[in-house]
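Trainee: let's see this in three dimensions:
(chains A and B)
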Number of protein chains: 2
Amino acid sequence: MPVFLNTTDAGFEADFETLLGAKREDSPDVDDVVAGIIADVRTRGDAAVLDLTAKFDRLELSAEQMRFSAEEIAQYCAQVPPAERAALEQAADRIRAYHIRQMPADESWTDEAGATLGWRWTPVSAAGLYVPGGLASYPSSVLMNAIPAKVAGVGRLAITVPTPDGQVNPLVMLAAQIAGVDEIYRIGGAQAVAALAYGTESIAAVDKITGPGNAFVAAAKRRVFGKVGIDMIAGPSEILVIADGENDPDWIALDLMSQAEHDESAQSILITTDAGFGRAVSDAVDNRLTSLERREIAAASWRDYGAVITVRDLDEAAALSNRLAPEHLELCVSDPDGLSEKIEHAGAIFLGQWTPEAIGDYVGGPNHVLPTARSARFSSGLSVLDFLKRTTLAKMSPDALRAIGPSAEVLARSESLEAHGLSVTARLNKLNR
Amino acid sequence: MPVFLNTTDAGFEADFETLLGAKREDSPDVDDVVAGIIADVRTRGDAAVLDLTAKFDRLELSAEQMRFSAEEIAQYCAQVPPAERAALEQAADRIRAYHIRQMPADESWTDEAGATLGWRWTPVSAAGLYVPGGLASYPSSVLMNAIPAKVAGVGRLAITVPTPDGQVNPLVMLAAQIAGVDEIYRIGGAQAVAALAYGTESIAAVDKITGPGNAFVAAAKRRVFGKVGIDMIAGPSEILVIADGENDPDWIALDLMSQAEHDESAQSILITTDAGFGRAVSDAVDNRLTSLERREIAAASWRDYGAVITVRDLDEAAALSNRLAPEHLELCVSDPDGLSEKIEHAGAIFLGQWTPEAIGDYVGGPNHVLPTARSARFSSGLSVLDFLKRTTLAKMSPDALRAIGPSAEVLARSESLEAHGLSVTARLNKLNR
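Mentor: Numbering: from 1, shown residues only, chains lettered A, B, ... in the order given. As a prediction, the model looks like this:
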């Protein structure tokens, strides 16, 4: 049973705080193991990666075999049935179209002092994308990570995907090909992250690493951060649905279950203005949980972290949503755009009853890599900006230096940074002030 | 003596690799101490912060005294002489004008499938800015961190600045006031970071923490990352000057020393097409090092990490610069804009001989918080984007769901996420496909 709350209950605030503070993830402490793996890869390069791949993935490879050949990739891609291929291509087209619009503009202007200022965006030269193996090897995640990188202009994009016991997901291969990935390596774990960050004889180092992974991958990304850039460390998935009583309870139940089925630590919350509707959704969930393929996972998530909250009105719903700062937020109300204006913190908003969150996972266009664990308070989903960096530009004319240089001299002196001031003074002297 | 290299030398590549790989910072491992401090603040709140302030800053405070009162702030601000006040105000105006231009636009459009897509930017609700105490208590850094936050629309901006033995820098107070900071606390170290991240009885938690600090502060920021957002962990400062022979050697020497004087671990590099000019700059540095106030620091930095590199031409200079990915890059050449086009990785570029890097530290307008240690390969300087986050928006019409829903069904099935697919199927069934 999920928790049922009502904002009119006396104990609501305490119960809601408990919900907010629920620790849903208990990551094993693998930091020491990961530190050892990274050191090994830095020291022994390919040999270390190959040994670790034999050990963890039960796969004996030569250095040359680490990278999938063009022929191998083509063979796997040919195994993908036409319907799946068409779906991946439609998804890729839509994700690409959305992310192209995110490309930021360079700017340059000259202000009244005569200073020409601006900035310029440039892509990261080389990026690495970690793709999990086995059950969580999602072709959609390949598209969501690789397409923004390629739209940003990343010159070289390498994927690592472990293939335990040699098991390869052909859809991952095809997604990589559609997205324009340049290199695919059949390695995984902390050793793959280390290889991407530091390079080996066979794998050139990259500048940025993105993509989801298990506790070892997450710990490795944290450790190599600084040497390379990383994306966020994602936690278990979450959805918040705000719905009035004018919805089909089964639709909302399925939307809640589409997060719950990801992971026992996932969280699905319904906020509704209609207590009876809330009960109807709960009944619909119970009904669906009798037959869903992943019913054990979904049931555990719903039981441990699910919640149905009845509120007085939609303003109250928006206020609670802003405290939750959900990764995914569905607004199944008569005026979703109006309610959306009141939302301050959310990774992605899905507006209206015809926009189930699953659309956003695959084909909507926006990215499905989104901030979890209330981090939408301060961070955003993956975008082209994650594969770009901005260089600021400044060019002073002699007049501009005359106009603003004296303030720099004063402030440098106040900070006891004499050479800073003198570098301005020497030039101003030349201009006879 | 700095190292003198020439790209025509046989051993150049090896020497340049050594320069690239030089480890300039040897941070003490304070992680265990910091973990203890954070746990203490989380458990005991104000009492822990006060105890630690008494211990590290030799300052006995009550909980009420942690925050500077409006009267105290006004008294310190009144101590600032008019010239310094005017300089801070000119700097603030220029920094504000630059950062206002960085504000990104919201977007919304409807595509040919009938899907309305877009995104919306919203500010972080509350941010904390760490300001170091003592010698490195720079009012310019207060402006550079606080103004972008306020331009972004951060509602509540709190500063922590330690005041060891009660020592307060009036210019820091005035910079905070000019920038519109809402709260100033006289605390520092890991305890200040913990208080900002987790909150205490007297200090409300924030969502994002920025600003420089010592090894304890850096370790604390790393540890609270995830609970709150943080900016980059900055390393020692660097400058690369690319200059032809048509420059005043003393100007370039001062530009190099304006980084070297920051820190013995700072790095100043000159790349020139004119070996004779390189020697002249080196002589000019030696001359300045006889008299600079911070000559001991600057001399150590120049001796240990300085370099003068002679290249065949400016293309070669650009290529080396891209490998260095410098924090600050001065282009003192006849066509700085043309050379700038060849620069792929740099935090900030200063164009032409009238733009010493010190202008950018104070009054140019662009931010002086910039990526160090070659991280300009994958990251950018501080900007309004650090205090904003993007929520993606998607709204399907029934027609849009008909057009793209089937692909979501196919991909959900291929990923064995049945509820994802069913949430689309249930709606498509209602539409009779």
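Trainee: list the contacts for the spatially most central residue of chain A?
Mentor: Residue closest to the average C-alpha location in chain A (Cα atoms, centre = their mean): A:Val369, at 3.2 Å. By Cβ atoms under 8 Å, 6 or more residues apart in numbering or on different chains, the contact set of A:Val369 is A:141, A:144-145, A:210, A:212, A:231-232, A:234, A:381-382. (Each C-beta comes from the backbone N, C-alpha and C, glycine too.)
Trainee: ok, so of those, who is nearest chain B?
Mentor: Using Cβ to the nearest Cβ, A:Gly381 comes nearest to chain B of the contacts of A:Val369, at 6.0 Å.
Trainee: can you confirm that closest one is in a helix?
Mentor: No: applying DSSP: H, G, I helix; E, B strand; the rest coil, one finds A:Gly381 to be coil, outside a helix.
Trainee: so what's it up against?
Mentor: Counting by Cβ under 8 Å, 6+ apart, A:Gly381 has contacts A:347-348, A:366-371, B:390, B:392.
Trainee: for ChimeraX, write the select line for the buried members of those residues.
Mentor: A single ChimeraX command suffices to select whichever of the contacts of A:Gly381 are buried according to 16 or more other Cβ atoms under 10 Å in any protein chain shown:
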select /A:347,348,366,367,368,369,370,371 /B:390,392
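Trainee: okay, and which of the contacts of A:Val369 map to strands?
Mentor: A:Thr210 (DSSP state E).
Trainee: how much space separates the residue nearest to the centre of chain A from A:Val311?
Mentor: Separation of A:Val369 from A:Val311 (Cβ to Cβ, to the nearest Å): 30 Å.
Trainee: for A:Arg42, list the residues it contacts.
Mentor: Contacts of A:Arg42 (Cβ under 8 Å, 6+ apart): A:194, A:198.
Trainee: please apply the same query to A:Leu174.
Mentor: Taking Cβ under 8 Å, 6+ apart as the test, what A:Leu174 contacts is A:76-77, A:80, A:84-85, A:88, A:139.
Trainee: over to A:Pro398?
Mentor: A:431, B:354.
Trainee: distance of it from B:Trp354?
Mentor: Taken as Cβ to Cβ, the span from A:Pro398 to B:Trp354 is 6 Å.
Trainee: follow-up on the earlier one: save the contacts of A:Leu174 as JSON lines, and put in secondary structure, pLDDT and distance to B:Gln267 too.
Mentor: Output for these, formatted as JSON lines (DSSP: H, G, I helix; E, B strand; the rest coil; pLDDT from 0 to 100; distance: Cβ to Cβ, whole Å):
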{"residue": "A:Tyr76", "secondary structure": "helix", "pLDDT": "97", "distance to B:Gln267": "47"}
{"residue": "A:Cys77", "secondary structure": "helix", "pLDDT": "98", "distance to B:Gln267": "47"}
{"residue": "A:Val80", "secondary structure": "coil", "pLDDT": "97", "distance to B:Gln267": "51"}
{"residue": "A:Glu84", "secondary structure": "helix", "pLDDT": "98", "distance to B:Gln267": "52"}
{"residue": "A:Arg85", "secondary structure": "helix", "pLDDT": "98", "distance to B:Gln267": "51"}
{"residue": "A:Leu88", "secondary structure": "helix", "pLDDT": "98", "distance to B:Gln267": "47"}
{"residue": "A:Pro139", "secondary structure": "helix", "pLDDT": "97", "distance to B:Gln267": "44"}
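Trainee: go through these and say which is closest to chain B.
Mentor: For the contacts of A:Leu174, with chain B as the reference and Cβ to the nearest Cβ as the criterion, the closest is A:Glu84, at 5.5 Å.
Trainee: wait, the closest one sits on A:Val172?
Mentor: No: contact criterion Cβ atoms under 8 Å: A:Glu84 and A:Val172 do not qualify, at 11.5 Å.
Trainee: compare neighbour counts for those two and give me the winner.
Mentor: Using other Cβ atoms under 10 Å in any protein chain shown as the criterion, A:Glu84 and A:Val172 rank with A:Val172 on top: 23 against 20.
Trainee: SS state for the more buried one?
Mentor: helix.
Trainee: residues touching it, list them.
Mentor: So A:Val172 contacts A:131, A:137-139, A:142, A:161 (Cβ under 8 Å, 6+ apart).
Trainee: switch to 6 Å and redo it
Mentor: A:137, A:139, A:142, A:161 (Cβ atoms under 6 Å, 6 or more residues apart in numbering or on different chains).
Trainee: hang on, the last one packs against A:Val131?
Mentor: Right, the one you point to is A:Val161. Yes: between A:Val161 and A:Val131 there is a contact at 4.0 Å, judged by Cβ atoms under 6 Å.
Trainee: which parts of chain A are strands?
Mentor: Assigned by DSSP E, chain A shows strands spanning A:3-6, A:107-110, A:115-123, A:126-130, A:156-160, A:183-185, A:208-210, A:229-230, A:238-243, A:267-272, A:307-310, A:328-332, A:348-351, A:388-396.
Trainee: can I get those in TSV with mean pLDDT?
Mentor: Putting the strands of chain A into TSV (pLDDT from 0 to 100) gives the following:
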stretch	mean pLDDT
strand A:3-6	96
strand A:107-110	98
strand A:115-123	98
strand A:126-130	97
strand A:156-160	98
strand A:183-185	98
strand A:208-210	98
strand A:229-230	94
strand A:238-243	98
strand A:267-272	98
strand A:307-310	98
strand A:328-332	98
strand A:348-351	98
strand A:388-396	98
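Trainee: got the ones you listed as CSV, with distance to chain B columns?
Mentor: Below are those laid out as CSV (distance: least, Cβ to the nearest Cβ, whole Å):
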stretch, distance to chain B
strand A:3-6, 21
strand A:107-110, 6
strand A:115-123, 5
strand A:126-130, 9
strand A:156-160, 13
strand A:183-185, 18
strand A:208-210, 5
strand A:229-230, 3
strand A:238-243, 10
strand A:267-272, 10
strand A:307-310, 17
strand A:328-332, 8
strand A:348-351, 4
strand A:388-396, 4
